[in-house]
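Participant: Got a sequence here, can you build the structure:
(one chain, ligands or ions: 1)
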Amino acid sequence: MKRLSKRDAFGERIANWATRLDLKVRTVTVRKMRNKWASCSTAGRLTFDESLLSKQGDLQDYVIVHELLHLEVPNHGKLWKSLMRAHLGDYEEMETRLQRELKSHSPVARHSPKSAHHRRLPTRSSAA
Ligand SMILES: [Zn+2]
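Facilitator: Residues are numbered from 1 along each chain as shown. Now for the predicted structure:
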């Protein structure tokens, strides 16, 4: 019997959310990211930072839903916010916790539309 690794569990979590949100994810990559916890491209490629694998489930959910929603809503506007709230409830609280947890990990963990976490990657995905 194959043991489920953290990475597999995380991948499954993403697949479940994608189904729930009815979104198509093309590729998911988990790797060390220098200064952000996730990014997505309009082509449906998602990249997540490795450190998320050891975070609590609800924080993983936050990041996953955050990025998945960007496949349809490319900003943090009203629509994005209301979808986040609809699926996660008090997502702002998770956001604050995530920022706190990742503070030591990354100087750019701050969440703002200006942060680069969802900017298009220079296409170099390792697991594609
Ligand atoms: Zn974002």
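
Participant: where does the chain dip in pLDDT?
Facilitator: For the chain, the stretches flagged by pLDDT under 70 are 1-4, 102-128.

Participant: how about the helices of it, start to end?
Facilitator: Assigned by DSSP state H, the helices in the chain fall at 6-21, 57-70, 78-88, 91-101.

Participant: what sits against the residue nearest to residue 20 when sequence neighbours are not counted?
Facilitator: Nearest residue to residue 20, sequence neighbours excluded (C-beta to C-beta, 6 or more residues apart in numbering): residue 87, at 7.7 Å. Using the backbone N, CA and C atoms, a C-beta is placed for each residue, glycine as well. Going by C-beta atoms under 8 Å, 6 or more residues apart in numbering, residue 87 touches 20-21, 65.

Participant: and if you look at residue 97?
Facilitator: Taking C-beta under 8 Å, 6+ apart, one finds residue 59 in contact with residue 97.

Participant: Excluding sequence neighbours, find me the nearest residue to residue 58.
Facilitator: Sequence neighbours aside, residue 94 is the residue nearest to residue 58 in space, at 5.9 Å (criterion: C-beta to C-beta, 6+ apart).

Participant: what's the spacing between that neighbour and residue 74?
Facilitator: 21 Å (C-beta to C-beta, to the nearest Å).

Participant: Residue 13 now?
Facilitator: From residue 13 to residue 74 the distance is 23 Å (C-beta to C-beta).

Participant: do the same with residue 55
Facilitator: 25 Å.

Participant: more neighbours, these two?
Facilitator: Comparing residue 55 with residue 74 by other C-beta atoms under 10 Å, the one with more neighbours is residue 55, at 19 against 13.

Participant: tally of neighbours for residue 63?
Facilitator: Per other C-beta under 10 Å, the neighbour tally for residue 63 reads 23.
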